[in-house]
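Student: give me a 3D structure for the following:
(4 chains)
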Protein chains: 2
Amino acid sequence: MVGIKDVARAAGVSVGTVSNVINRPDMVAEETRDRVRSAIRRLGYVRSESARQLRAGRSRIIALLVLDMANPFFVDVATGAERAAREAGLGVMLCNSAQSAAEEADYLSLFAEQRVRGVLVTPVDESGRNLADFDRHGIAYVSVDRAVPSGTGCSVSVDDVRGGGLAVRHLLDQGHREMAYVSGSMALTQCRDRYTGALGVLAEAGTDAQLRHVEVERLDVAAGRDAGARLLGMSPRPTAVFCANDLLALGVLQALYGAGVAVPDEMALVGYDDIEFAAAAAVPLTSVRQPAYRMGRAAADLLIEETGDAAAEHAHRRIVLQPELVVRDSSMST
Amino acid sequence: MVGIKDVARAAGVSVGTVSNVINRPDMVAEETRDRVRSAIRRLGYVRSESARQLRAGRSRIIALLVLDMANPFFVDVATGAERAAREAGLGVMLCNSAQSAAEEADYLSLFAEQRVRGVLVTPVDESGRNLADFDRHGIAYVSVDRAVPSGTGCSVSVDDVRGGGLAVRHLLDQGHREMAYVSGSMALTQCRDRYTGALGVLAEAGTDAQLRHVEVERLDVAAGRDAGARLLGMSPRPTAVFCANDLLALGVLQALYGAGVAVPDEMALVGYDDIEFAAAAAVPLTSVRQPAYRMGRAAADLLIEETGDAAAEHAHRRIVLQPELVVRDSSMST
DNA sequence: GAATCGAATTGAAACAATTCATTTTCGGTA
DNA sequence: TACCGAAAATGAATTGTTTCAATTCGATTC
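Tutor: Sure thing, here's the model as predicted:
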């Protein structure tokens, strides 16, 4: 493997000069610069990141640990983060905790060994234990899609309480009184917050409308299908369903379609996230849109600020973005 | 930052012993081992991957560069690869070339600097120029979802010619004579191969059935919507459409639905990949299933074999997996 | 009591870059 | 000719780990 020494020898200069050609070309005389560059090309020299890193004490990579790569929502977040990182000359290591606290812990220690520049993470473990370790090791992190207790770190999230409210207010406005909320365990912040918002709207409206909770194991299409079957068996059968994400909603929609239940006439449906497939569904889905791409960008920007040259004057910030209701056919009788 | 020297000092042993405790615990006396381990815990020591790497000359990370992260097909490939890699104690760096040859080149040189263990890549640049560089630098790679010229390297792919044939034979069997093929440019191997297979079946059947090509810019849902609009304007209007992937098919389906064209009665539809959303569509999509997860696993396994201890006896292999037609409502009149 | 052996431990070299205090070079000036 | 200053180039030190030849230390054997 050809190293900087080989280049130096080939070009008849010292290793310091080769390094200068690469990192501060202005410092080197033009003639020397050309000689070195042609040697680099001729030998096919590629500098070793590990050696640079070892010297610098940290890498040029930021890690992004998401909850579920099969969910296009997180792919959008990743795309936003990646764009911002690459503009700053950093690489992104994208990983999937698949909602497992064990996987999360594994990855976080991998990141620590890698001395990554920082971590963007949608935490599985709400206790924040895993992240506390990061504080101890001085690794910067930004919590994505999950607010973090004040003062502990940066976060970028969407106002889920508000989002839940938007969905249920819309259904109330359509005259629904028997509603259901399909989500994962209330131990998951996003499921809990959306529920809280939904209940808040009900209380505020002073209505006797019901919102029954249907809990599912996982937040994917298959779980949505199961939930759909359970909804059909409920008595009284709900006339409107709010799902904690679009994957669930698509699953519910499929179950309803299979059972010949008309959407929205017999049952209205509202999802959450507004992934591309929501708009592409059989009956286009009404959904609470989250600015996923912007969230990814904002999170990466925060991290870059925190770990950049001006790191000294960095103060932890919590950014909260606003969701937006996108009404489509699945909740509007025509 | 606490290093191995600090641990050695705290435990009253040499750095070599600390290293042995971490890497070959059997070599160290129990009493010493415990002392070192407790020092590690007490100081919060995390070993530096970059230093290990520098010494070892290569990293413990394999890179996976996919064409389009927004396509669930590639997410499945990534999941398979990641599983295999983690079982072998390696990390995965997942990146998205977004079908851009420039992005691809950028990432490949990033990987070279990182001295990654190896690269799994779905090449954008068919010329293989980018990969030739890898040969020169001795970086192992496996081409995923794309066969590679014999002898140049490993590859895992799916028999796309066969897949295209399956789709069109099915449509012929349903009695269709006016068909269309929606895909990206024929410069893309997978689009070309599927077309070749489709035409092959037509020729073999000795029919006068038509298969007109509708070319789109990108392979996503939005492009599918455009294609759908164009299909509706064709004369004679095709009675069956085969799409080069499911995203296109979902877009076409949506356009047809919007125009009130019944699927499959007025127009039958067959997709490719069999992503989860294909089965979850308004009209569940008939699709040519690719074993994405298995492909990812197989590719990672090949790479691990090539870069492992038994690397010497490694011979490049080309694995070709078989696609399978999954018939659903979108192509079967009931 | 010396020789031998094996297990445990040591410590220096090597990895490939960056950095920075020195040194060299060279044109211009006194 | 000697000297000065700026620009260019040098090369040793540094980073944190792994590896391995060498050393130490008891216990066992003769």
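Student: in the helix or strand A:Glu204 falls within, what counts as buried?
Tutor: Under the assignment given by DSSP states H and E, the secondary-structure element containing A:Glu204 is helix A:189-205. For helix A:189-205, the buried set under the neighbour-count rule, 16 or more other Cβ atoms under 10 Å in any protein chain shown, comprises A:Gln190, A:Cys191, A:Arg192, A:Asp193, A:Arg194, A:Tyr195, A:Gly197, A:Ala198, A:Leu199, A:Gly200, A:Val201, A:Leu202. (Glycine included, C-beta is placed from N, CA and C.)
Student: hmm, the third one is touching A:Tyr181, no?
Tutor: Put plainly, it is A:Arg192. No: between A:Arg192 and A:Tyr181 no contact is recorded; they are 10.9 Å apart, counting by Cβ atoms under 8 Å.
Student: what is the neighbour count of A:Arg52?
Tutor: When neighbours are defined as other Cβ atoms under 10 Å in any protein chain shown, A:Arg52 has 16 of them.
Student: any idea how far it is from B:Val168?
Tutor: Shown here: A:Arg52 relative to B:Val168, a distance of 53 Å by Cβ to Cβ, to the nearest Å.
Student: A:Arg162 too?
Tutor: Using Cβ to Cβ, one obtains 50 Å as the distance from A:Arg162 to B:Val168.
Student: for the buried residues of helix A:189-205, give me JSON lines that also has distance to A:Asp274 and pLDDT.
Tutor: Putting the buried residues of helix A:189-205 into JSON lines (distance: Cβ to Cβ, whole Å; pLDDT from 0 to 100) gives the following:
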{"residue": "A:Gln190", "distance to A:Asp274": "15", "pLDDT": "91"}
{"residue": "A:Cys191", "distance to A:Asp274": "17", "pLDDT": "96"}
{"residue": "A:Arg192", "distance to A:Asp274": "21", "pLDDT": "96"}
{"residue": "A:Asp193", "distance to A:Asp274": "17", "pLDDT": "96"}
{"residue": "A:Arg194", "distance to A:Asp274": "14", "pLDDT": "97"}
{"residue": "A:Tyr195", "distance to A:Asp274": "19", "pLDDT": "98"}
{"residue": "A:Gly197", "distance to A:Asp274": "17", "pLDDT": "97"}
{"residue": "A:Ala198", "distance to A:Asp274": "17", "pLDDT": "97"}
{"residue": "A:Leu199", "distance to A:Asp274": "22", "pLDDT": "97"}
{"residue": "A:Gly200", "distance to A:Asp274": "22", "pLDDT": "97"}
{"residue": "A:Val201", "distance to A:Asp274": "19", "pLDDT": "97"}
{"residue": "A:Leu202", "distance to A:Asp274": "23", "pLDDT": "96"}
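Student: which parts of chain A are helices?
Tutor: When secondary structure is read from DSSP state H, chain A shows helices at A:4-11, A:15-23, A:30-43, A:49-56, A:72-87, A:101-114, A:129-137, A:160-173, A:189-205, A:221-233, A:246-258, A:276-279, A:292-307.
Student: going by contacts, tell me the helices and strands next to the shortest one.
Tutor: Spelled out, it's helix A:276-279. The elements that helix A:276-279 packs onto, with contact taken as 3 or more Cβ pairs under 8 Å, 6 or more residues apart in numbering or on different chains; DSSP states H and E, are helix A:246-258.
Student: so does the helix it packs on get close to chain B?
Tutor: Yes: taking Cβ under 8 Å from any Cβ of the partner chain as the criterion, helix A:246-258 and chain B are in contact, through A:Leu250, A:Gly251, A:Leu253, A:Gln254, A:Tyr257.
Student: residues contacting the residue of the stretch 51-200 of chain A found nearest DNA strand C?
Tutor: Nearest residue of the stretch 51-200 of chain A to DNA strand C, counting by Cβ to the nearest atom of the strand: A:Ala51, 3.4 Å away. Applying Cβ atoms under 8 Å, 6 or more residues apart in numbering or on different chains to A:Ala51 gives the contacts B:Ser50, B:Leu54.
Student: what of A:Tyr293?
Tutor: Contact partners of A:Tyr293, counting by Cβ under 8 Å, 6+ apart, are A:Asp76, A:Val77, A:Thr79, A:Gly80.
Student: which of these are buried?
Tutor: Of the contacts of A:Tyr293, these count as buried by 16+ other Cβ under 10 Å: A:Asp76, A:Val77, A:Thr79, A:Gly80.
Student: and chain B, which of those residues reach it?
Tutor: Checking the buried ones among the contacts of A:Tyr293 against chain B (Cβ under 8 Å from any Cβ), the matches are A:Thr79.
Student: now the buried ones among the contacts of A:Tyr293 in CSV, with distance to DNA strand D?
Tutor: Below are these laid out as CSV (distance: Cβ to the nearest atom of the strand, whole Å):
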residue, distance to DNA strand D
A:Asp76, 37
A:Val77, 32
A:Thr79, 34
A:Gly80, 33
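Student: which one among the buried ones among the contacts of A:Tyr293 gets closest to chain B?
Tutor: Using Cβ to the nearest Cβ, the shortest approach to chain B within the buried ones among the contacts of A:Tyr293 belongs to A:Thr79, at 7.0 Å.
Student: hmm, A:Arg294 and the closest one touching each other?
Tutor: No: using Cβ under 8 Å, A:Thr79 and A:Arg294 do not qualify as a contacting pair, with a distance of 10.8 Å.
Student: for A:Leu67, which non-adjacent residue is spatially closest?
Tutor: Here the nearest residue to A:Leu67 in space, its sequence neighbours aside, is A:Thr122; by Cβ to Cβ, 6 or more residues apart in numbering or on different chains that works out to 4.7 Å.
Student: rewinding a little: Serialize the contacts of A:Tyr293 to JSON lines and add fields for pLDDT.
Tutor: JSON lines is the format used below for the contacts of A:Tyr293 (pLDDT from 0 to 100):
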{"residue": "A:Asp76", "pLDDT": "96"}
{"residue": "A:Val77", "pLDDT": "97"}
{"residue": "A:Thr79", "pLDDT": "95"}
{"residue": "A:Gly80", "pLDDT": "97"}
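Student: what is the nearest of those to B:Ala11?
Tutor: A:Val77 (42.8 Å; Cβ to Cβ).
Student: once you drop chain neighbours, what's closest to that closest one?
Tutor: A:Gly296 (4.0 Å).
Student: quick one, what contacts that neighbour?
Tutor: Contacts of A:Gly296 (Cβ under 8 Å, 6+ apart): A:Leu64, A:Asp76, A:Val77, A:Ala78, A:Thr79, A:Gly80, A:Ala81, A:Glu82, A:Arg83, A:Ala84, A:Leu120, A:Val144.
Student: tell me who's in contact with the closest residue to chain B within the stretch 201-334 of chain A.
Tutor: As assessed by Cβ to the nearest Cβ, chain B sits closest to A:Ala282 within the stretch 201-334 of chain A, at 2.2 Å. For A:Ala282, the set of contacting residues under the criterion of Cβ under 8 Å, 6+ apart consists of A:Leu253, A:Tyr257, B:Tyr257, B:Ala281, B:Ala282, B:Val283.
Student: does A:Leu108 touch A:Val119 like I think?
Tutor: Yes: under the contact definition of Cβ under 8 Å, A:Leu108 touches A:Val119, with a separation of 7.3 Å.
Student: quick check: bridge partners of A:Leu94?
Tutor: A:Leu94 has these beta-bridge partners by DSSP bridges: A:Leu64, B:Leu94.
Student: show me what contacts it?
Tutor: Applying Cβ under 8 Å, 6+ apart as the definition, the contact partners of A:Leu94 turn out to be A:Leu64, A:Val66, A:Met69, A:Ala78, A:Glu82, B:Met93, B:Leu94, B:Cys95.
Student: closest to B:Pro323 among these?
Tutor: Distance ranking of the contacts of A:Leu94 against B:Pro323, using Cβ to Cβ, places A:Met69 first at 23.3 Å.
Student: find me the pLDDT at the closest one, would you?
Tutor: Among the per-residue scores, A:Met69 holds a pLDDT of 92.
Student: any idea how far B:Thr79 is from it?
Tutor: A:Met69 is 7 Å from B:Thr79, where distance means Cβ to Cβ.
Student: how about A:Asn71?
Tutor: Look at A:Asn71 and B:Thr79: by Cβ to Cβ, they are 12 Å apart.
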